[in-house]
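>>> Sharing a sequence plus its predicted fold:
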2 protein chains.
Amino acid sequence: QDWSLQDNATRIERHFRFPDFAAALAFVNQVGALAEEEDHHPDISFGWGYATVSFSTHKIKGLHENDFIMAAKVSRLTRE
Amino acid sequence: QDWSLQDNATRIERHFRFPDFAAALAFVNQVGALAEEEDHHPDISFGWGYATVSFSTHKIKGLHENDFIMAAKVSRLTRE
């Protein structure tokens, strides 16, 4: 599974799976640390065994290059 | 704002506001620690300035007393 365009191509999201709640929360914290470093913040939904990360540039109500850069960096976290 | 019934009363959710992403993430971690302690896990959506916490008992596809106990404990976090 990879990033997909959502909401008329105004945002991108990707779904990730994990063995339990703690693993999902640990990933969410990694994404959060990255977001703070880069000062570009996702919307995240998560729970037991899953997390969905979504990027959009709210100022332009659409997608900006930064959203794709962040998406690539988040993907890289899961390969480490 | 308080907890509200959603999806034909099969889950409860509450929306919380925060000054920024870091404050929302810190709250999410408090809720996560509580969920691990109690072994009852919410679904959480959050991003810059907000978090929505949702409880449901997946096994019965509905609400159990535990969901309301967890909701009360999460509410208490925001008053500390």
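That came through fine. Only a predicted model underlies this, so the values are computations on that prediction, with no experimental measurement involved.

>>> and residue A:58, how many neighbours?
Here the count is done by other Cβ atoms under 10 Å in any protein chain shown, and residue A:58 has 12 residues near it. Using the backbone N, CA and C atoms, a C-beta is placed for each residue, glycine as well.

>>> Contact partners for it?
For residue A:58, the contact set (Cβ atoms under 8 Å, 6 or more residues apart in numbering or on different chains) is empty.

>>> where's it relative to residue B:45, distance?
Here the criterion is Cβ to Cβ, to the nearest Å. By it, residue A:58 lies 15 Å from residue B:45.

>>> With residue A:37 instead?
Taken as Cβ to Cβ, the span from residue A:37 to residue B:45 is 22 Å.

>>> Which one of the two is surrounded by more residues?
residue B:45 (19 against 9).

>>> State the pLDDT value of the residue nearest in space to the middle of chain A.
With the centre of chain A defined as its mean C-alpha position, the nearest residue by Cα atoms, centre = their mean is residue A:53, 2.9 Å away. For residue A:53, the pLDDT comes out at 98.

>>> isn't there a strand covering it?
Yes - under DSSP: H, G, I helix; E, B strand; the rest coil, residue A:53 sits within a strand.

>>> Can you give the distance of the longest helix anywhere in chain A from its chain's centre?
Secondary structure assigned by DSSP state H gives helix A:21-38 as the longest helix of chain A. A distance of 9 Å separates the centroid of the chain from that of helix A:21-38, by Cα atoms, centre = their mean, to the nearest Å.

>>> With stretch A:25-39 instead?
The answer for stretch A:25-39 is 9 Å, by Cα atoms, centre = their mean.

>>> Tabulate the CA atom coordinates of it in PDB.
This file holds the C-alpha atoms of stretch A:25-39, laid out as PDB (Å, rounded to 0.1, in the frame of the first residue of the first chain):
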ATOM      1  CA  LEU A  25       1.600   5.000  19.100                       C
ATOM      2  CA  ALA A  26       5.400   4.700  18.800                       C
ATOM      3  CA  PHE A  27       5.100   5.300  15.000                       C
ATOM      4  CA  VAL A  28       2.800   8.200  15.600                       C
ATOM      5  CA  ASN A  29       5.400   9.800  17.900                       C
ATOM      6  CA  GLN A  30       8.100   9.300  15.200                       C
ATOM      7  CA  VAL A  31       5.900  11.000  12.700                       C
ATOM      8  CA  GLY A  32       5.200  13.800  15.200                       C
ATOM      9  CA  ALA A  33       8.900  14.400  15.900                       C
ATOM     10  CA  LEU A  34       9.500  14.600  12.100                       C
ATOM     11  CA  ALA A  35       6.600  17.000  11.700                       C
ATOM     12  CA  GLU A  36       8.000  19.300  14.400                       C
ATOM     13  CA  GLU A  37      11.500  19.200  12.800                       C
ATOM     14  CA  GLU A  38      10.100  20.100   9.400                       C
ATOM     15  CA  ASP A  39       7.300  22.400  10.800                       C
END
